[in-house]
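J.: just to be clear, the model below is a prediction. Sequence and coordinates:
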Amino acid sequence: MITKIKSDKIITPDGVFDGYVYICDGKIDDVLQKDLSCDKSYDFTGKFVSPGFIDIHTHGAGGHPFLDGTAEDVVLGCNFHLFHGTTTILPTVSASDIKNMRAAVENIKAAMSDGRTLPNIVGAHLEGPYLSKNQSGAQCTDYITPPKKDDYEALVNDLGKYIARWTYAPEVDDGAFCSYISSRGIIASAGHCDATYADMMRAKSCGCALITHLYSCTSTVTRRGGFRSLGVIETAFLDDDFFVEIIADGKHLPPELIRMIVKIKGADKVALITDSLEIAGTDTKSGVMGGTKFIVEDGVCKLYDRSAFAGSVATADTLVRVAAYECGLGIEEAVRMMCATPAKILGLNKGAIVKGFDADIAVFDENINITDVFVNGRKAV
């Protein structure tokens, strides 16, 4: 069956295109100016037709957590994100007891095969427990430990095919952990860390090529005995091989800093993430998550004492809106960082409206309000 989508604002890698997207068997069959016959057609003239958004870091939404909930919570939380344009997602599991983290991966595994799940779940993103207590942020320090070989090998041996990514602190690893997960096809990402340039180069040699929420719990220049050492932030800028993700909710990083990051790294190396909490999309104003008290104000979740942010309450459409308009980067650059760059990080045939790519599509108006979503060529919203 051939599905045809018409628009004068189709966002392609070569610019905004006026024409038609043809879909067959879940793939983009072609992008043409020519009007051909089809079995089903949609006219989105006046609206942007974009690749579906890819969120590689989110802890939940709509009141549904990905750590302490159930498989049903994973399904419903992922589906909530779909209504905001996210067609591919990595449910993220915060640092916890390894048994709890294992149970969370089991729930994500179940959601991946649940027919009610609307977006594509690539696998779990484990954020911990091998982090730095000095850069814990809202992570519960009770669970932060150095890498424990017996624990991570057992988890990967049992459930490795359902783990897409693992955030860890390079300075607490001699290279064994990073090398092991990289050899098993799991993306190693440096985050919640006090790593120096030397730590990051060791991590890179072991397979690490991604930095978790740059500027949020990532080290900067330190001085010991008068001698300065680069941190994670400077390493990210110096080394072109590293991808970075940023929480582009307009709160964690000001627009000027987002512009600077994109100017230095380029949109092809920057992925936008929500890092959203389970309370995203709800009216919750305060409470306790993972043993940590929080308050929501000024459009962001903060630790209860307001000493730091505790996480985001944003959805992917918010990120695109902030990057495009508040940061002045434009729709095309914002979409690239929300789609093509995370797809490249994950090695997916997604993230662009190009012949042969998966037909994941988000449709939105000038204000980035999502109106329609397609997953694998099928209309989901």
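T.: Happy to help now that I have it.

J.: which residues in this structure form helices?
T.: 71-82, 98-112, 149-159, 176-183, 197-205, 232-238, 255-265, 316-321, 330-338, 340-346 (DSSP state H).

J.: the second one vs helix 71-82, what angle?
T.: Yep, that's helix 98-112 we're talking about. 60 degrees (axes from the mean of the first three to the mean of the last three Cα atoms, to 10 degrees).

J.: list the buried residues in helix 98-112.
T.: For helix 98-112, the neighbour count (16 or more other Cβ atoms under 10 Å) marks 98, 100-105, 107-112 as buried. Heads up, the C-betas are built off the backbone N, CA and C, glycines and all.

J.: could you do the fourth one as well?
T.: Residues Phe177, Cys178, Ser179, Tyr180, Ile181, Ser182 are the ones in helix 176-183 that count as buried (16+ other Cβ under 10 Å).

J.: just give the closest residue to the last one, not the sequence neighbours.
T.: If I follow you right, that is Ser182. Nearest residue to Ser182, sequence neighbours excluded (Cβ to Cβ, 6 or more residues apart in numbering): Gly207, at 2.8 Å.

J.: that neighbour: how many residues sit nearby?
T.: 16 (other Cβ atoms under 10 Å).

J.: and the closest residue to Phe374 other than its chain neighbours, what pLDDT?
T.: Using Cβ to Cβ, 6+ apart and skipping residues adjacent in sequence, the residue nearest Phe374 is Ile361, 4.2 Å away. Reading off the confidence values, Ile361 has pLDDT 98.

J.: I'd say Ile361 and Val49 touch.
T.: Yes: counting by Cβ atoms under 8 Å, Val49 is a contact partner of Ile361 at 6.2 Å.

J.: related to what we said a few turns ago, contact partners for the residue nearest to Phe374?
T.: Ile5, Val21, Val49, Ser50, Pro51, Gly52, Thr87, Ile353, Asp372, Val373, Phe374 (Cβ atoms under 8 Å, 6 or more residues apart in numbering).

J.: can I get those residues in TSV including neighbour count?
T.: Formatted as TSV, the contacts of Ile361 follow (neighbours: other Cβ atoms under 10 Å):
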residue	neighbour count
Ile5	26
Val21	25
Val49	28
Ser50	28
Pro51	29
Gly52	29
Thr87	29
Ile353	24
Asp372	17
Val373	24
Phe374	24
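
J.: quick one: the most centrally placed residue in the chain and Ile246, what's the gap?
T.: For the chain, Ile56 is the residue whose C-alpha lies nearest the centre (Cα atoms, centre = their mean; 2.2 Å). Distance of Ile56 to Ile246, given as Cβ to Cβ, to the nearest Å: 12 Å.

J.: and if you look at Phe374?
T.: 27 Å.

J.: go on, Thr318?
T.: From Thr318 to Ile246 the distance is 13 Å (Cβ to Cβ).

J.: quick one: which of those two has more around it?
T.: The neighbour comparison of Thr318 against Ile246 (other Cβ under 10 Å) goes to Ile246, with 26 against 22.

J.: can you name the residues bridging to that one?
T.: Leu272 (DSSP bridges).

J.: can you offset everything so residue one is 53?
T.: New numbering, starting at 53: the last item is Ile298.

J.: save the contacts of Ile413 as a markdown table, and put in distance to Ile313 and pLDDT too.
T.: Formatted as a markdown table, the contacts of Ile413 follow (distance: Cβ to Cβ, whole Å; pLDDT from 0 to 100):
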| residue | distance to Ile313 | pLDDT |
| --- | --- | --- |
| Ile57 | 33 | 98 |
| Val73 | 31 | 98 |
| Val101 | 27 | 98 |
| Ser102 | 22 | 98 |
| Pro103 | 21 | 98 |
| Gly104 | 24 | 98 |
| Thr139 | 25 | 98 |
| Ile405 | 25 | 98 |
| Asp424 | 31 | 98 |
| Val425 | 28 | 98 |
| Phe426 | 30 | 98 |
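
J.: quick one: which of those residues sit in strands?
T.: Ile57, Val73, Val101, Ser102, Pro103, Thr139, Asp424, Val425, Phe426 (DSSP state E).

J.: if I look at the closest residue to the first one other than its chain neighbours, how far off is Asn172?
T.: The reference is to Ile57. Nearest non-adjacent residue to Ile57, counting by Cβ to Cβ, 6+ apart: Val73, 4.3 Å away. Per Cβ to Cβ, Val73 is found 18 Å from Asn172.
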